[in-house]
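In: show me how the following folds:
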Amino acid sequence: MGFLIICASSWASEPTRTVRGVVSDAQTNETLTGCTVTVKGTNVGVITDVNGEYSLNVENENAVLVFGFIGYTTQEVIVGNQSTISVALSPNMNDLKEVVVIGYGTAKKGDLSSAVVSVENVEKIKDRPVLDVANLIQGRVPGVTAISNGGHPNSTPKITIRGTGSRGTENVLYVVNGVPNAPYNPADIESITVLKDAASAAIYGAFSGSAGVILITTRQASSGKPSIEYNGFMGAKQAWKTPNALTADKEAEVSNLAMQNAGLNPLDGWDATKNPYAAVTRTNWIDEIFRIGTIQRHNFSINAGTDKFSTLFQGRYENNEGTLLNTYSENISLRFNSQYSFDDHLKFRQEVFWNNSDSRGTSTESGYSGTILSAIYMPSSAVPYYEDGSFGGVGPRDSDYLGIHGDAINPVGTLLRNQPYNKGSDLQSVSELSYSDIIPGLNFLTRYSYRSQTSLYKNFSPKVTEPGKPNNQNSLSYSTNKGYNWIWENTLNYTRALGNHNLGAMVSTTAQENGAKGFSAAARDFPDEEDWAQFFLNAQTFSSDRPGDYDWKDRNLSYVGRLSYSWSNRYFLTGSYRYDIAGRLAEGYRGKGFPAATAAWKISSEPFFNIPLINTLKLRASWGEIGNIGSIGRYYGYATLSTNNTFQIGSDAPYSPALYVGSLNNPALSWETSKQTDIGLDITMLNERLSLSVDYFDKLTYDLIKQQDTDWTNTYGFGAPLINQGKIRNTGLEVMASYGGNSGELAYEFSGNIATLKNRVEEIDDNPDSFWAHGNAWRGTIRPYRSTVGQPYYSYWMIQTDGIFQSNEEAASYTFNGEKIQPNAQAGDLKFVDLNNDGKIDDNDRSYMGSAAPKLTYGFNTNLTYKNFDLSVFFQGVAGVKLFHAFKESTLNASEQGYNRWDKILDAWSPTNTDSDIPRISANDPNNNFQTASDWYLESGDYLRLKNLVLGYTFPTLGSVSGLRVYVSGDNLLTFTKYSGMDPEVGGIGFDGGQFPVSRVYAAGLKFKF
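Out: Numbers count the residues shown, from 1 in each chain. Modelled structure (predicted):
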């Protein structure tokens, strides 16, 4: 928000009276500094001071005062016989929405010619009980897919903009107040802008903006009287759908039935007369590991300043407990922001941000020791703790029947034994000096940012002595890191209006350096496990692996240029070029340029356009390239030797370090590049109450960075080099619309967005039959993924099923040339489709069956305001998602003896339950029902969520307290899905082995200022 300064001049005649007053915000009652107060029809005027006060001389009672402030509706008042006139201006949201932050500057929303989206209602969506931007924008911007990695409190959703285009590392770049990857406090955010197409994102280059760019601006120090603000919420979290394990009696029943169906004798341990302990249910392990978690954030701000110098100090505390025991994420941060104006041209901004983090998580993805899976595996007869207070095992220590429970792990012990010291400190300083109007329209800015990050991790793993999966060795590990990153940018911006012609030019240089030092070490065999003894000094054995350490630097240099031109508010052209030089690549291949161009035609500004209902009609088109080197390791362009250890042959032979060539090097390796075309249409109608935006994009990523697919290198002991090969294409259609208005005291706004995505592997190599194999597997056996030309990246490659054999005769009649296709199949086994019709079931019968990437994403939002009440309701969903529910293999499979099971196994096929889709209960699996990568594991991951609901009330000013608002909020309140797992947002590649479920969250918040 800027200030319009009007210089007052004297009237020809003498003034007859003085009018005074105060100008304030009609919603918050805050006084407005810098508001203009003018006498209509003259050039006489003043601006309000830091207290919102003004004093103005007028000639007579017929004078009209005009009160104006950017972002507010102008108000006129006749003086009459009044000597005091105070007004409250109403915010004009259309003015505030008109300016959009883009790369290295701002632009009017109506002048944009690229696919740039500004997230609406940021102030309201911050009331949600979420602590990161990814959650805030999920479902709100078409083409932006945010998928939670389950409900882990120490992780955030993975954001993908317009589809995955890389085989390696590809992350969205966050730019905070112009600084890439800067830390920030989510409570301070004032605007979020998403640069979706390559033409807009390319301005940030190949180092980290290849997957799209999210621009964040945070609150800055402003002039005004000293004020203190508080904004915070507290809430509770709950897992909304969890699995149930078998009770003790049902566990025995299933085990005995499994042995019977396999033609084996039941185990004595399941005979209640011989082992009565195992026949009694004592523990619901799912209830033991899950809890009601809490979430809270408290944000304090102190702001004060004049028109010359202003300061802002902020403090934050937030804590996010997971719904699994002993999991959490905690942050404490401080921020100091100051701005100083030397004169009308020279300004200086300084910001210091510090954050201290602490987090603790758990592994839920392992097919052997995943925490939630272990809660199903553990027998219901077991207890979390023995009477002596130690963690309980699968049964009493002196039991003769412990073997019937296998190597199940006490999940309570897993969670509570995990007590690492895991803290990090993040400190960033940003110094910015700007000079405006060097010549009219030419501005210069230099910005230097320095970020220092340190972390220390110490973890003591005690012995596990309880029956199940004991471990009689304890250990201690340390690791530490000290990293830094500095960026120095120098930017010139020039704008000039010449009649109907508007010109713009920008040039910028960026130099940056990253580096880090660190080490790690481990030891074991501690005689005493008390806290005081958990130090290397007390270890009896140091790890056979020597301590590790590292010290690296990475430097990059970039040059950026942009030209823009518009004529008569009708035609808009922009061209940009960025040249990046990467220090990690070999000489001769370090630099690469990335061009981009955009154009727009505002048809509604043409003289021939005369459609009263339509306010704006604009066509847009853009094309650009952007690169990615995130998959290339540091110093790749410099051949290095790998380290290892050698043991010479013989008694007491020495142990020596060794150096060797680990893999071949490709000195010609360069960037993988995304080339993207976008065509868009923007319409506003009905006095701008209705807006519509449509985009079609085609994004091709080529020269993919991958390891060469050759076998001969390993024959000679070398790993394959990295090469540039392959293409992935993403195409889609994006639509967003909003409608708003007023009906009496009721203000309303309805908005929605929907986007399609088609992801395909375009090219692998010259061989049309080539494919990319993916090693992701469940328990080392089931590998469901493969990619080939014409199919989505990371496709499911599986065998098709055709129901369950209902009789032995049906299984025996499934033949080819008189031979059984599934010779070991019986009634209750899965029927696998012999796709290639060769009489057997093998990998040649697999087919491609989609992927976890959603084909459709959507969101719908409603905002209502009535008097001082406000209500926001937001729905979000995805469609076309397939998930691999690996959890079923371990929990519905009775052939892995020794574990408890998911209670859904009680619905398995039997002669009296033939409608089931769960294979029969058996202690063996000769048909490989569960070891075959079949579509039996494949389920729809589509869902529709009531993602958020907020109900608030804003009080009138109470003494010195203004802007007092209270609200209640809920997240993930309702989820409509057919997925049988705990939650459809499993993240990653759709592989669900018992993922930490996304939680329902209930919260209450408060904000005020005095």
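In: end to end on stretch 301-309, go ahead and measure it.
Out: 17 Å (CA to CA, to the nearest Å).
In: got the contact list for that stretch?
Out: The contact list for stretch 301-309 (CB atoms under 8 Å, 6 or more residues apart in numbering) reads 3, 33-34, 50, 219, 221-231, 310-314, 338-341. Quick note: C-beta positions are derived from backbone N, CA and C, even for glycine.
In: for stretch 738-755, same thing?
Out: So stretch 738-755 is contacted by 120-121, 139-143, 689-691, 732-737, 856-867 (CB under 8 Å, 6+ apart).
In: shaky segments in the stretch 51-200 of the chain?
Out: Within the stretch 51-200 of the chain, the segments meeting pLDDT under 70 span 70-71, 92-98.
In: buried stuff in the helix or strand where residue 951 lies?
Out: Element membership of residue 951, judged by DSSP states H and E, is strand 943-954. Neighbour counts over strand 943-954 (16 or more other CB atoms under 10 Å) mark 943, 944, 945, 946, 947, 948, 949, 950, 951, 952, 954 as buried.
In: save those residues as CSV, and put in distance to residue 666 too.
Out: Converted to CSV, the buried residues of strand 943-954 look like this (distance: CB to CB, whole Å):
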residue, distance to residue 666
943, 43
944, 47
945, 45
946, 51
947, 45
948, 48
949, 54
950, 53
951, 59
952, 58
954, 61
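In: filter the contacts of stretch 738-755 down to the buried ones.
Out: Neighbour counting by 16+ other CB under 10 Å classes 120-121, 139-143, 690-691, 732, 734-736, 857-861, 863, 865 among the contacts of stretch 738-755 as buried.
In: out of these, which sit inside strands?
Out: Within the buried ones among the contacts of stretch 738-755, residues falling in strands by DSSP state E are 690-691, 732, 734-736, 857-861, 863, 865.
In: and the residues you listed, which two are the farthest apart?
Out: Of all pairs drawn from those, the widest gap by CB to CB lies between 732 and 865 and measures 33.8 Å.
In: output the longest helix belonging to the protein.
Out: helix 248-261 (DSSP state H).
In: so who does the residue positioned nearest the centre of the chain touch?
Out: The centroid of the chain falls nearest to residue 157 when counting by CA atoms, centre = their mean (3.0 Å). The contact partners of residue 157, by CB under 8 Å, 6+ apart, come to 132, 134, 135, 138, 146, 147, 148, 149, 987.
In: need the three-state assignment for the residue nearest to the last one when sequence neighbours are not counted.
Out: Spelled out, that is residue 987. Nearest residue to residue 987, sequence neighbours excluded (CB to CB, 6 or more residues apart in numbering): residue 149, at 3.4 Å. Following DSSP: H, G, I helix; E, B strand; the rest coil, residue 149 is assigned to coil.
In: hang on, residue 149 packs against residue 158?
Out: Yes - at 6.4 Å, residue 149 and residue 158 qualify as touching, with contact defined as CB atoms under 8 Å.
In: overlap in contacts, these two.
Out: In contact with both residue 149 and residue 158: 987, 988, using CB under 8 Å, 6+ apart.
In: what is the burial count for the residue nearest to residue 987?
Out: The tally of other residues near residue 149 (other CB atoms under 10 Å) stands at 18.
In: please renumber so the chain begins at 445
Out: Sounds good: first residue 445 from here, last item residue 593.
In: now do the same contact list for it.
Out: 599, 600, 601, 602, 1430, 1431, 1432, 1439.
In: filter the residues you listed down to the ones in strands?
Out: residue 602.
In: TSV for the contacts of residue 593, including distance to residue 1113?
Out: Compiled in TSV, the contacts of residue 593 are given as follows (distance: CB to CB, whole Å):
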residue	distance to residue 1113
599	31
600	31
601	31
602	26
1430	34
1431	30
1432	27
1439	35
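In: just the contacts of residue 593 now: which is nearest residue 1023?
Out: Nearest to residue 1023 among the contacts of residue 593, with distances taken as CB to CB, is residue 602, at 30.0 Å.
In: all the strands of the stretch 945-1094 of the chain, residue numbers only.
Out: Remark: strands assigned in the stretch 945-1094 of the chain by DSSP state E, counting those that start in this stretch are 945-968, 985-986, 992-1011, 1015-1026, 1035-1046, 1058-1072, 1086-1091.
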